[in-house]
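**Q** sequence unavailable; structure follows:
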């Protein structure tokens, strides 16, 4: 095919015009890794409002199934720590203070109005009906099995942790989580002014990364470092996640399932232990209490 | 030519959608916070299915000895390459951080992070990479064998490698769904279901392409009808086992192809093309509903991605065909092919078995390497990636044997050298990784909250927790641990601290120096300043102690 100079120039001009059209699309591109200054005094009511909004979407509590008392993590049979939680549904009245405390502790961002319309809320601890639901920290975690890069990985402390810098956003873990406890960062929330660093110890997650309940790992690690510094044996004592701390009725128990002296183990004696039916067979560490055993 | 124009017309708006999808991220298309997969994954499964048609026609039918195979083989192989390239682009668009896709390459602990070889996505990545390379080698071999008949004896061995690989690849694609805990995606029949779906859509595509090039192969039409019955079996199964059925899929995918039984309709070219297209549409729709059963609240990007797929395929296919027509005019000439077919069938036995051994060895080495380094891996879960690795190695070695038949060893050495250089370059790029440092992506600590520690007592705690491991609790070096380092860290005497100045010490703590790691992001400016004060107070105390 021969091409004359005139037609070549025409083609070139056409191509340039087509390329320049790329700038004309609607919506601003969201730059990554550019952290604008967050608001000095973020309005906590905005977060509370979003929690109330999200609650309306999920009016039904998770169906529960009885499970045995959580024991050692299947990957760390010889460990002496398996962190876990028990939420007493007989006491809990669904006030939602735990949800707000969780968002403030872990710098969980709010979402844009378009995302809110599609139900893409980021709440690590969400209220389904009156029931607070978060990652169950399964022993045989489905999310850890399918993550290609090892970003979702079991912690030697017996819970399911998340390594943000390894995450490339395949969202396979989220698709495979029967409880739908994993949340995806659709937007660069800090740049959009939707996130605030309430807690300087927790990093803000960039756009394109999965996140979920970490059992307030920053608190656990601080307690561990302190115990190490003073040379005491720790076994996961004297530390509480934000939700347990915020609960006015003390319905959320936290502790080490493998420490027979922990509050968690003592207070769950003779209680009926349940887990969300969808994850009951994966050895969850976060369970619910109801009635007597 | 018409295909090219049609393709460009769809590709250009499609590129806008791709651009939007990449800059705005996954929120630009329709997915929910419950099911995280959307149209890119449905498109991926669809196009990878179409990509299997080529191998089906050229490798599987060659091995099985179908007599009309040569009439569609080239068309099918070219469509495979084009469809594979389109398919590979969709998972990249799907990623949350597309620039870091290379994290899925299983290259051991080179970057000190192992991939998780249990994940179907890693299987996928390896299998599709292997399939892409092997099928391009196969088409090259096929093209060169037109000119040099000595290569003909390598085609069948190659087809025997490709034959299981294509089934394996689509089995793995089905695993992406079947190993999950999503109720709609479970079922041991998924691999077969996916393979038949893929071959059905692939046959339909080849039918359309041959008709558009002005030819007609009746056997392909027969195949279309038989595959429509096969896929019906799986749809009935889905309906009975899970209660999933969609009337529009049944009509377009099963009832419409039955029109080909009526000879009056079958003789109309347009009708045949339309029937094949209706089959493809029904399968695309089926994949979409599989990935995303509820809420089809599409944005324009979803439609744009569909248009991108079709457009990119048409453009790639017609460009490839044009290239082949220029370089190998024989390939698209049916009469010439008919004559070439009369050549006696030979099978390069020895190179084939040697290559198979090489492949098995490579897979074994890979498995041993992984199990050796990560003993906690369930080795059974490694099996899905072992076969693609074996097939890739076997295909490479077989192509080496074939190349030795036609080229001088000097030329082969040149080609190998260039490939090696290229491979090392790519490896190096992957090894280097992207430019995002932890402190850049995850700014963690700032002074805006009053929670941060800065008093002397707190500084001692931070020192004991963060610094004492190397510098010792009392500020004297922990010799046992540090003696391996060169240059040895400085003893922090009072005179040295005074000569350096507080500011530069603070900077060392935050930014690191020699073997000292930067602590920016983990401790704040205030804390660093407090640490420097603490350092000085320790040195002062030591000085006093020395005087006494």
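**A** Ah, there it is. These numbers were taken from a predicted model, which means no experiment stands behind them.
**Q** next SSE after the lengthiest helix in chain A?
**A** For chain A, the longest helix by residue count, based on DSSP state H, is helix A:5-20. As assigned by DSSP states H and E, the chain's next helix or strand after helix A:5-20 is helix A:44-57.
**Q** flag every buried residue along the helix or strand that that next one is followed by.
**A** Using DSSP H and E, the helix or strand that follows helix A:44-57 in sequence is strand A:64-66. Neighbour counts over strand A:64-66 (16 or more other Cβ atoms under 10 Å in any protein chain shown) mark residue A:64 as buried. C-betas here are computed from N, CA, C, even on glycine.
**Q** tell me which strands and helices strand A:64-66 is in contact with?
**A** strand A:271-276 (3 or more Cβ pairs under 8 Å, 6 or more residues apart in numbering or on different chains; DSSP states H and E).
**Q** hmm, the strand it packs on in reach of chain B?
**A** No. Shown here: strand A:271-276 not in contact with chain B (Cβ under 8 Å from any Cβ of the partner chain), separated by at least 12.7 Å.
**Q** give me the contacts around that strand.
**A** Residues from elsewhere that reach strand A:271-276, judged by Cβ atoms under 8 Å, 6 or more residues apart in numbering or on different chains: A:62-69, A:86, A:88, A:133, A:136, A:179, A:284, A:286-293.
**Q** could you rerun that using 7 Å?
**A** For strand A:271-276, contacts defined as Cβ atoms under 7 Å, 6 or more residues apart in numbering or on different chains pick out A:62, A:64-67, A:69, A:133, A:136, A:179, A:284, A:287-293.
**Q** and those, which of them are in strands?
**A** Per DSSP state E, strands hold the following members of these: A:64, A:65, A:66, A:133, A:287, A:288, A:289, A:290, A:291, A:292.
**Q** could you flag which of the contacts of strand A:271-276 are buried?
**A** Buried, going by 16+ other Cβ under 10 Å: A:62, A:64, A:67, A:133, A:136, A:179, A:284, A:287, A:288, A:289, out of the contacts of strand A:271-276.
**Q** in JSON lines, list the ones in strands among the contacts of strand A:271-276 along with pLDDT.
**A** Output for the ones in strands among the contacts of strand A:271-276, formatted as JSON lines (pLDDT from 0 to 100):
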{"residue": "A:64", "pLDDT": "93"}
{"residue": "A:65", "pLDDT": "94"}
{"residue": "A:66", "pLDDT": "93"}
{"residue": "A:133", "pLDDT": "94"}
{"residue": "A:287", "pLDDT": "94"}
{"residue": "A:288", "pLDDT": "94"}
{"residue": "A:289", "pLDDT": "93"}
{"residue": "A:290", "pLDDT": "91"}
{"residue": "A:291", "pLDDT": "86"}
{"residue": "A:292", "pLDDT": "83"}
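**Q** from these, which is closest to chain B?
**A** residue A:133 (12.9 Å; Cβ to the nearest Cβ).
**Q** roughly how far does the closest one sit from residue B:285?
**A** Computed as Cβ to Cβ, to the nearest Å, the residue A:133 to residue B:285 distance reads 34 Å.
**Q** cool, residue B:136 as well?
**A** With Cβ to Cβ as the criterion, residue B:136 and residue B:285 are 30 Å apart.
**Q** show me the two of the ones in strands among the contacts of strand A:271-276 that sit farthest apart.
**A** A:133 and A:292 (23.3 Å; Cβ to Cβ).
**Q** for chain B, which element, helix or strand, carries the lowest mean pLDDT?
**A** Least confident helix or strand, chain B: helix B:438-441 with a mean of 48, by mean pLDDT, DSSP states H and E.
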